[in-house]
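>>> The following comprises the amino acid sequence and a computationally predicted model.
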Amino acid sequence: MKALVALILLVQLPIHKAVPAAPPAPLGCDDPESVAAAEFAVNYINGHSHHGYKFALNRIKDIRVIPQGPNNDIMFLELDLLETTCPILSPTPLENCTVRSFAEHAVEGDCDVKLQKVDGTLSVLASKCHSHADSREDILKVCPDCPLLAILNNTEVLGVVSAALNDYNSKTTDSYLRLLEIGRAKIQYHPVHAVVTEFAVGATNCSAEQAKANVGACQLLPEDQSNFGFCTATMVKRPSQDLQVDCQLYGHQVPAPPIPLLSRVSQPTGQDTSAGLVPSAVGFINHNLGLSHNNPVASESSSSEILRSMLSAKSLTKRVVPAAAQHDKVPRPVGFVPLPPPCPGKILHFDI
């Protein structure tokens, strides 16, 4: 009898159904996980760039996460970057690179990146970037006397780079240096007429003395001995002529840095500065970041498919503002401080 009563009571006990777990809150652009993904993406972008300078994160404009399964997410990032003073060949870690100031005629990069995060490990599936210098008008409003970026194949610029390399090579007792790429150039007209240039160089298998006999035979050192560097040169043309050149060689790096692509092609006899310009730089004042990369080991093999999904994800990130938030007549408690929107994130340096 007692067993029967116990069974009846057991049947009458309420059954508690499992409540499904609430979906995780969407990531905000300044959340630590978002920042970590963005920093990973920026390092990837710099590691796959072959021209110009390293870029640093300035702001996360948007992020979208699409779960694929347990501990497996696809992440779409829209990033604003700023050019630093570190050449792409420099071994200086990005965190030690200085972002170029607004008055120096800053260059901004815009990137869309698709990543996958599996068990906490990030990998880049695709990235698409471009960059542009700030407008002349914006610079002159803040600094009317600041020199502006000059076209990289400007005749004066090419002449100063050639004179600077010839000057350095005529005085050095080390390897003859060959031009890899002109990075930046500015021309100032007042109060003095001066040209300031920055350019990447590589050591060759010739001494400076040997190069005098046959410069055409001088080739960049092989990868296992490579030695790259960077030069700055300033030539004052008026009121008096003066040339100052400073070159720094980085020493052999392991692994070898990404060499500007055209430097791998033999240059004609003589110091041909035009060989240091990729076609996309001719007629422009900065090297376009211009990175469009599809990871060959990604699970999706079609570049067009990945880029379509990136664009689709960007359209999905448009957030709908609740009707109650579209006007100021909603009663709020005294001292109420609204939370900042999840995106875009904060600007780390400055806006251009």
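Received, thanks.
>>> Confirm that Val254 sits in a helix.
No: counting by DSSP: H, G, I helix; E, B strand; the rest coil, Val254 is located in no helix; its state is coil.
>>> Would you mind stating the distance between it and Ala41?
24 Å (Cβ to Cβ, to the nearest Å). All C-beta atoms are positioned from the backbone trio N, CA, C, and that covers glycine.
>>> And those two? Which one has more around it.
Ala41 (25 against 8; other Cβ atoms under 10 Å).
>>> wait, is the more buried one part of a helix?
Yes: under three-state DSSP, Ala41 sits within a helix.
>>> what sits against it?
Leu77, Leu79, Cys111, Val113, Leu115, Val124, Ser127 (Cβ atoms under 8 Å, 6 or more residues apart in numbering).
>>> cutoff 7 Å now
Residues counted as contacts of Ala41 (Cβ atoms under 7 Å, 6 or more residues apart in numbering) are Leu77, Leu79, Val113, Leu115, Val124, Ser127.
>>> what is the nearest residue to Arg59 once chain neighbours are set aside paired to in the beta sheet?
Using Cβ to Cβ, 6 or more residues apart in numbering and skipping residues adjacent in sequence, the residue nearest Arg59 is Asp80, 4.3 Å away. Under DSSP bridges, the beta-bridge partners of Asp80 are Arg59, Asp110.
>>> quick one, what contacts Asp80?
Asn58, Arg59, Lys61, Glu108, Asp110.
>>> Closest one of the residues you listed to Pro144?
Ranked by distance to Pro144 (Cβ to Cβ), the contacts of Asp80 are led by Glu108 at 21.6 Å.
>>> That closest one in helix, strand or coil?
Note that with three-state DSSP, the state of Glu108 is strand.
>>> I'd like to know how far the spatially closest residue to it that is not a sequence neighbour sits from His132.
Among residues not flanking Glu108 along the chain, Ile352 sits closest, at 5.2 Å (Cβ to Cβ, 6+ apart). Ile352 is 9 Å from His132, where distance means Cβ to Cβ.
>>> separation between the residue nearest to Arg59 and Ala37?
From Asp80 to Ala37 the distance is 15 Å (Cβ to Cβ).
>>> Using a markdown table, lay out the contacts of Asp80 together with pLDDT, neighbour count and distance to Asp119.
Shown next, in a markdown table, are the contacts of Asp80 (pLDDT from 0 to 100; neighbours: other Cβ atoms under 10 Å; distance: Cβ to Cβ, whole Å):
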| residue | pLDDT | neighbour count | distance to Asp119 |
| --- | --- | --- | --- |
| Asn58 | 98 | 24 | 30 |
| Arg59 | 97 | 21 | 28 |
| Lys61 | 97 | 18 | 27 |
| Glu108 | 96 | 20 | 34 |
| Asp110 | 96 | 15 | 30 |
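>>> which of those residues lies closest to Val245?
Glu108 (29.6 Å).
>>> In this structure that closest one contacts His132, no?
Yes: contact criterion Cβ atoms under 7 Å: Glu108 and His132 qualify, at 6.2 Å.
>>> residues making contact with whatever helix or strand Glu209 lives in?
Secondary structure from DSSP states H and E places Glu209 in helix 208-213. Residues outside helix 208-213 that contact it (Cβ under 7 Å, 6+ apart) are Asn169, Thr172, Thr173, Tyr176, Cys218.
>>> Please compute how far the helix or strand just after that helix lies from its chain's middle.
Counting by DSSP H and E, the element after helix 208-213 in chain order, helix or strand, is strand 228-238. Computed by Cα atoms, centre = their mean, to the nearest Å, the separation of strand 228-238 from the middle of its chain amounts to 24 Å.
>>> Go through strand 228-238 and flag the buried ones.
Phe228, Gly229, Phe230, Cys231, Thr232, Ala233, Thr234, Met235, Val236, Lys237 (16 or more other Cβ atoms under 10 Å).
>>> Output these as CSV; include the columns pLDDT and distance to Ala213.
Output for these, formatted as CSV (pLDDT from 0 to 100; distance: Cβ to Cβ, whole Å):
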residue, pLDDT, distance to Ala213
Phe228, 93, 24
Gly229, 94, 23
Phe230, 96, 27
Cys231, 97, 24
Thr232, 97, 29
Ala233, 97, 25
Thr234, 96, 30
Met235, 95, 28
Val236, 94, 33
Lys237, 88, 32
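>>> show me where pLDDT drops low in the stretch 1-150 of the chain?
For the stretch 1-150 of the chain, the stretches with pLDDT under 70 are 1-25.
>>> Same question for the stretch 151-300 of the chain.
If you take pLDDT under 70 as the line, the stretch 151-300 of the chain has these spans: 258-283, 293, 295-300.
>>> again, only using 50
261-276, 279-280, 299-300 (pLDDT under 50).
>>> Do a quick rundown of the helices in the stretch 201-350 of the chain.
208-213, 303-316 (DSSP state H, counting those that start in this stretch).
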